[in-house]
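The sequence isn't on hand, but the structure is:
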């Protein structure tokens, strides 16, 4: 009998990668023990949302209570607590923001609340209420454990688990279909097109190495604000490297694209939210690729420098240039790095 009503909450089922972790938990738990439902602040109409709604009750809830009208805030907060008590006995929240309305609402009605810290954005003052009111905190990496040391008594580090077989056994995407020659060295970047992911710095780095490594090609898989995406494409044109970086938008064929590639690249910079973990790195390792990643938090747990790939500082284009040099200087080790990375993924992140 499913005695425990478990509510999994997230801002939406579109924006951030943690939606897939939520889905894995929802679909993986024993229905004999847990009655799972999902709470979101807004609908997005994604395929994932439709899939989960076919399996679990989906509640649209005001999980981020507006404080713009202070006199109405207590009532809105009370109303949220009342709704949560009616549908849950235990909650696990994946919201990436420091908004504390959800944590307060659960605490006010006596429902245990697990807060998942999904990124490295942190100001102790801003996060004190949310994490203080949480019953327990789950972090993803040692970088987060160090960041949350003031809450150490209720922090557990649980790295994101990956469906490794999906990436190990994928059939490579056709280079011919993308009009990519056999001589090109393909690096896949799977990341949202946002400032912190370092695409501007990557374009500047490509401009500096284009004469030495004209065969190098970055395929950027992901989406962002259309204006920013246009800016990145214009920047690539302006630097004469539009033939070295292709922005292909989001894709549901990431395993196949990884299998087509020679390596994985992640150029997140050490500012803003950085990398709480780096699930895309593990996916690439599962596909047998060596990885070039910045020391930007989570990747430092995953990539073993000089064994499964290369770790570089996340401090601008010059470090990326040096990283690209290392890639080509180490070309004879790509297969060995990929094999070791695949083994590490099996052992640590299944």
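That came through fine. What you are looking at is a predicted structure, and each value in this text was computed from that prediction instead of being measured.

hang on, residue 343 in a helix?
Yes. The assignment for residue 343 is a helix, going by DSSP: H, G, I helix; E, B strand; the rest coil.

all strands for the stretch 251-350 of the chain, in order.
263-266, 291-295, 309-313 (DSSP state E, counting those that start in this stretch).

who's in contact with the second one?
With CB atoms under 8 Å, 6 or more residues apart in numbering as the contact definition, strand 291-295 has outside contacts at 187, 198, 263-270, 278, 281, 284-285, 299, 302-303, 308-314, 319, 323-324, 326-327, 337, 341. For the C-beta atoms, the positions are set from N, CA and C on the backbone; glycine is no exception.

filter those residues to the buried ones?
Among the contacts of strand 291-295, those classed as buried by neighbour count (16 or more other CB atoms under 10 Å) are 187, 198, 263-270, 278, 281, 284-285, 299, 302-303, 308-312, 314, 319, 323-324, 326-327, 337, 341.

Residue 145: helix or strand, and which one exactly?
Applying DSSP states H and E as the criterion places residue 145 in helix 142-147.

Wait, residue 328 touches residue 214, no?
No. Judged on CB atoms under 8 Å, residue 328 makes no contact with residue 214 at a distance of 11.7 Å.

neighbours of residue 169, just the number please.
Residue neighbour count, defined by other CB atoms under 10 Å, stands at 11 for residue 169.

Check residue 206 too.
25.

now it, nearest residue through space, not along the chain?
residue 241 (4.3 Å; CB to CB, 6 or more residues apart in numbering).

In contact with that neighbour, which residues?
Residue 241 makes contact with 203, 206, 207, 210 under the criterion CB under 8 Å, 6+ apart.

Check residue 187 too.
Applying CB under 8 Å, 6+ apart, the residues near residue 187 are 216, 217, 218, 219, 261, 262, 263, 264, 265, 292, 327.

now with 10 Å?
202, 216-220, 244-245, 261-266, 284, 289-292, 324, 327 (CB atoms under 10 Å, 6 or more residues apart in numbering).

May I have the predicted confidence score for the closest residue to residue 135 other than its chain neighbours?
In this structure, residue 135 finds its nearest non-sequential neighbour in residue 112, 4.2 Å apart by CB to CB, 6+ apart. The model reports residue 112 with a pLDDT of 97.

how far is stretch 25-35 from where the chain is centred?
Here the centre of stretch 25-35 is set off from its chain's centre by 23 Å, with CA atoms, centre = their mean, to the nearest Å.

ranges for the helices of the stretch 201-350 of the chain?
With helices called from DSSP state H, counting those that start in this stretch, the stretch 201-350 of the chain shows them at 226-238, 254-260, 279-286, 299-302, 317-329, 334-348.

Off-centre distance for the first one?
In this case it means helix 226-238. Relative to its chain's centre, helix 226-238 lies at 23 Å (CA atoms, centre = their mean).

helices or strands up against it?
Contacts defined by 3 or more CB pairs under 10 Å, 6 or more residues apart in numbering; DSSP states H and E place helix 226-238 against helix 199-209, strand 216-221, strand 245-249.

hang on, the earlier thing: just send the helices of the stretch 201-350 of the chain back as a markdown table, with distance to residue 32 too.
Shown next, in a markdown table, are the helices of the stretch 201-350 of the chain (distance: least, CB to CB, whole Å):
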| stretch | distance to residue 32 |
| --- | --- |
| helix 226-238 | 46 |
| helix 254-260 | 32 |
| helix 279-286 | 29 |
| helix 299-302 | 34 |
| helix 317-329 | 49 |
| helix 334-348 | 29 |
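
Pick the most buried one from those.
The highest average neighbour count among the helices of the stretch 201-350 of the chain, using mean count of other CB atoms under 10 Å, belongs to helix 279-286 at a mean of 27.

per-residue confidence for residue 123?
89.

and it, backbone torsions?
Dihedral pair for residue 123: phi -140, psi 120, per degrees, to the nearest 10.
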